[in-house]
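Q: Mind folding the following:
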Amino acid sequence: MKNKIIYLVFVALTCWNSFSQGNRKEAKGDKEFGKYAYIDAIKTYERIYEKGYKSPDMLLKIGNAYYYNAELEKANKWYSELYATNPEQEAEFYYRYSQSLRATKEYQKADAMMAKFNEKSGNDSRAKIFSGKKDYLTIIKNNSGRYKIENAGVNSKYSDYGPTYMGTKVVFSSARDTGNFSKRIHTWTGQYFTNLYSSNLGEDGSLAEVEKYGKKINTKFHESTPVFSKDGKTVYFTRNNFLDGRGYDAGKVTLLKIYKATLDNEGKWTNITPLPFNSDSYQVAHPALSPDGKTLYFASDMPGTHGQSDLFKVKINEDGSFGNVENLGNTINTEGRETFPFVSDENELYFASDGQPGLGGLDIFIVKIPQDGGAFKEPLNVGEEANSPKDDFALIIDTKTKRGFLSSNRDGGEGNDDIYKFLEKTPIFCDQILFGVITDEDTKAVLPNTKVVLFDEKFNKIKETVSDANGNYQFTELECGSKYYVNTSLDKYETKESPVFIGKKSGKTELNIEHKTTVCKVKIGDDLANCFKINIIYFDLDKWNIRPDAAVDLAKLQDVLNQNPTMKINIRSHTDSRATDSYNKELSEKRAKSTKDWLIKQGIAADRLASEGLGETELVNKCSNDVPCTEAEHQLNRRSEFIITSL
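A: Down below sits the predicted model:
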């Protein structure tokens, strides 16, 4: 397991036991632990434990050794004993203990340990994610039941993992020993070093007989996780940087690098070269290619990493050179391990993480790669069947057949890690398309080149487009069951904001939008209040003075008259039915004259303005004499109109 995942482990080698014999044997275990010989360390620690020699530090190291080797159930035993001995530990202990508890499905206790981790870790993103997703088990449950999973039929009693497609073959990594001579053992895992193997892929997703793959690629050290270009002529793969007696880092640890090779005319892999962003100071591993082959994704603990390992991407230029390496950001990467990226033909990024909330160990997650250069959304756990309480990783899928493979060290397997084939029965993403046509409210003519901006329910801008020649617009990849706002704007039309609720199932939601023009064609007899959106000029009961709110609307009227110097209007004032007819007639005349005088004071020529008081002769509702009405209903009748008499 250790070869597959990038670890950086820094352990304080202190001894707590007072027994001299125990100290000497524990010191041997410490030395082996510091050399990353985890299997030997476990054996040494356990032997002296059986003899009664133990310390909190030793319990932690045994637990860590199993944890680093992905044997979480065994790690749980030692972490539990340490926690019972002393519940006060460093923050990272609670995170690892929580992961080991998930491996035994003790989720309630695991969540309690994550709460302690949250208290002690301060700014750790894993704590923040957990705090914001305490219902993560419900989310995982909702995403579960989508895969039918079976043993792939190519597994050995050793570690088999990391499949990739290569034409009609599947190429994967295996620690099986197919040679007759050299049998090199890796002290991290106690297994043979991995090489690349291949198997023919059947139409039903089955795999045939296994053969060793890539004679020039395989060496006596590790090779794993290849990815091939679509034409099959280029391969990127992971290999130890220990070659020709060189390649250790400063701590004498053999690291991983990504190499590139090309296929010659004779079908042999040549020009095997390390990529330029490799280093003898950090690890680079597990390459993946974008569908167009122009971007390489990988895992690394290079400077700038958020946690133990992060996902990065780099542009592949036309001449084969590389652009600047970019971290995928803290929505994807945590202080934990993010590794084994894979990008589907539908531009979906699958990866494994133990920093995002999961079922235990590494879980597989999925997120759509933003096409507009924007930020990633929160990744989704792909659910049970694909994920288990153990390590689940290295998922690949053919989006056309919905068949694929993943790797796992779950219970019931044949070796340390095994490859499983699966059929995806239902997609995880519920995608909606929002579409519609934009038209003129009055003429119903389509409105091309309308700017259309999509906002989420918190009014964060999501996307932007313009309507086409037929007034059509469309937004894709929207979240089902969500509320959005569509803001549309076009010169000489009012800007409009339309709320819309997207359907709860994958499909399409239609939102047609009608726009009111701001250019109004008027004729004699029209009321300017209707055309120019001038609010009705209201008056208080028994009053004819211009209210402050009315002055605002009259200023709009003044502007219209200034922009149309030949226009003349008749100001018609109305009252409600209360009081006598004669009184209301006189009151309405005073209101009309008051409106006229206000406009004259603002510079409008008097000969362009006429005024008329109509009293209660043209009520707009039922509120005639002696009919009971509310004050609001009476208010509707106390109004003014601005009828065009000349253009």
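Q: Just the buried residues of stretch 456-468, please?
A: Residues Ile462, Lys463, Ser467 are the ones in stretch 456-468 that count as buried (16 or more other C-beta atoms under 10 Å). Just so you know, the C-beta spots here come from the backbone N, C-alpha and C atoms, and that holds for glycine as well.
Q: ok, the second one - contacts?
A: Under the criterion of C-beta atoms under 8 Å, 6 or more residues apart in numbering, the contact partners of Lys463 comprise Asp372, Val453, Leu454, Phe475.
Q: Okay, and the one residue sitting closest to the centre of the chain sits in which element?
A: When C-alpha atoms, centre = their mean is applied to the chain, the residue found nearest the centroid is Lys377 (1.7 Å). Under DSSP states H and E, no helix or strand contains Lys377.
Q: domain parsing for the chain?
A: Domain assignment of the chain by automatic domain parsing yields the ranges 20-122, 147-424, 431-515, 528-646.
Q: tally of neighbours for Asp301?
A: Around Asp301 there are 23 other residues, counting by other C-beta atoms under 10 Å.
Q: Would you mind naming the residues that bridge with the residue lying closest to Met166 once chain neighbours are set aside?
A: With C-beta to C-beta, 6 or more residues apart in numbering as the criterion, Met166 has its nearest non-adjacent residue at 4.6 Å, and that residue is Phe228. Phe228 has these beta-bridge partners by DSSP bridges: Val235.
Q: Can you give the contact residues for the longest strand seen in the chain?
A: In the chain, ranked by residue count with DSSP state E as the criterion, the top strand is strand 431-440. Identification of contacts with strand 431-440 by C-beta under 8 Å, 6+ apart yields 445-447, 450, 452, 454, 467, 470-480, 484, 486, 488, 490, 493, 500, 502-503, 506-515, 517.
Q: Take the residues you listed and keep only those in helices.
A: Using DSSP state H, no member of the contacts of strand 431-440 falls within helices.
Q: Tell me the buried residues within these.
A: With burial judged by 16+ other C-beta under 10 Å, the buried subset of those is 446-447, 450, 452, 454, 467, 471, 473, 475, 477-478, 484, 486, 488, 490, 493, 500, 502-503, 509, 511, 513-515.
Q: Out of those, list just those in strands.
A: Assignment to strands by DSSP E places the following of the buried ones among the contacts of strand 431-440 there: 452, 454, 473, 475, 477-478, 484, 486, 488, 500, 509, 513-515.
Q: show me where pLDDT drops low in the stretch 1-150 of the chain?
A: In the predicted model of the stretch 1-150 of the chain, residues 1-42, 123, 127-136 satisfy pLDDT under 70.
Q: Which stretches in it count as strands?
A: Assigned by DSSP state E, counting those that start in this stretch, the stretch 1-150 of the chain shows strands spanning 147-151.
Q: swap in the stretch 201-350 of the chain?
A: Taking DSSP E, counting those that start in this stretch, the strands of the stretch 201-350 of the chain run over residues 207-212, 223-228, 234-240, 256-263, 269-274, 284-289, 295-300, 310-315, 326-327, 338-343, 348-353.
Q: Only C-alpha atoms, please: export the strand or helix carrying Tyr165 in CSV.
A: Using DSSP H and E, the element containing Tyr165 is strand 160-166. Taking Å, rounded to 0.1, in the frame of the first residue of the first chain, the C-alpha atoms of strand 160-166 are listed here in CSV:
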residue,chain,number,x,y,z
ASP,A,160,-2.8,-5.1,-7.7
TYR,A,161,-4.0,-1.6,-8.3
GLY,A,162,-4.0,1.5,-10.5
PRO,A,163,-5.7,0.4,-13.8
THR,A,164,-5.7,2.5,-16.9
TYR,A,165,-7.1,2.2,-20.4
MET,A,166,-4.8,1.6,-23.4
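Q: Most widely separated two among the contacts of Lys463?
A: Pairwise distances across the contacts of Lys463 peak at 13.3 Å for Asp372 and Val453 (criterion: C-beta to C-beta).
Q: quick one, which of those two is more surrounded?
A: Set side by side, Asp372 and Val453 show more neighbours around Val453, with 16 against 8, by other C-beta under 10 Å.
Q: Roughly how far does the more buried one sit from Tyr485?
A: According to C-beta to C-beta, to the nearest Å, Val453 stands 9 Å off from Tyr485.
Q: pLDDT below threshold where in the stretch 401-550 of the chain?
A: 532-544.
Q: what bridges to the residue nearest to Tyr165 when sequence neighbours are not counted?
A: Counting by C-beta to C-beta, 6+ apart, Ile396 is the residue found nearest to Tyr165 once chain neighbours are left out, at 6.5 Å. Applying DSSP bridges to Ile396 gives these bridge partners: Phe405.
Q: residue contacts, the residue nearest to the centre of the chain?
A: Each residue near Lys377 by C-beta under 8 Å, 6+ apart is listed here: Thr331, Val367, Lys368, Pro370.
Q: got these as a markdown table, with distance to Ala386 and pLDDT columns?
A: Listed next are the contacts of Lys377 as a markdown table, based on distance: C-beta to C-beta, whole Å; pLDDT from 0 to 100:
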| residue | distance to Ala386 | pLDDT |
| --- | --- | --- |
| Thr331 | 21 | 90 |
| Val367 | 15 | 93 |
| Lys368 | 17 | 90 |
| Pro370 | 23 | 87 |
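Q: how about the helices in the protein?
A: For the chain, the helices defined by DSSP H occupy 20-34, 38-50, 56-68, 72-85, 91-103, 107-121, 125-132, 136-143, 528-531, 548-563, 581-601, 631-635.
Q: Leu434 and Val210: what is the separation?
A: Leu434 is 48 Å from Val210, where distance means C-beta to C-beta.
Q: Pull out the CA atoms of stretch 169-179 and give them to me as CSV.
A: Output of stretch 169-179 as CSV, limited to C-alpha atoms (Å, rounded to 0.1, in the frame of the first residue of the first chain):
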residue,chain,number,x,y,z
LYS,A,169,-6.2,-3.3,-23.1
VAL,A,170,-6.2,-2.4,-19.4
VAL,A,171,-2.7,-1.8,-17.9
PHE,A,172,-2.3,-1.9,-14.2
SER,A,173,0.3,-2.1,-11.4
SER,A,174,1.1,-5.3,-9.6
ALA,A,175,3.5,-6.6,-7.0
ARG,A,176,3.2,-10.2,-8.2
ASP,A,177,6.5,-12.0,-9.0
THR,A,178,6.4,-13.3,-12.6
GLY,A,179,10.2,-13.6,-12.9
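Q: Would you mind checking the average pLDDT for it?
A: Average pLDDT, stretch 169-179: 79.
Q: tell me which residues in that stretch are buried?
A: Lys169, Val170, Val171, Phe172, Ser173, Ser174, Ala175, Arg176, Asp177.
Q: can you check stretch 417-426 too?
A: By neighbour count on 16+ other C-beta under 10 Å, the buried set for stretch 417-426 is Asp417, Asp418, Ile419, Tyr420, Lys421, Phe422, Leu423, Glu424.
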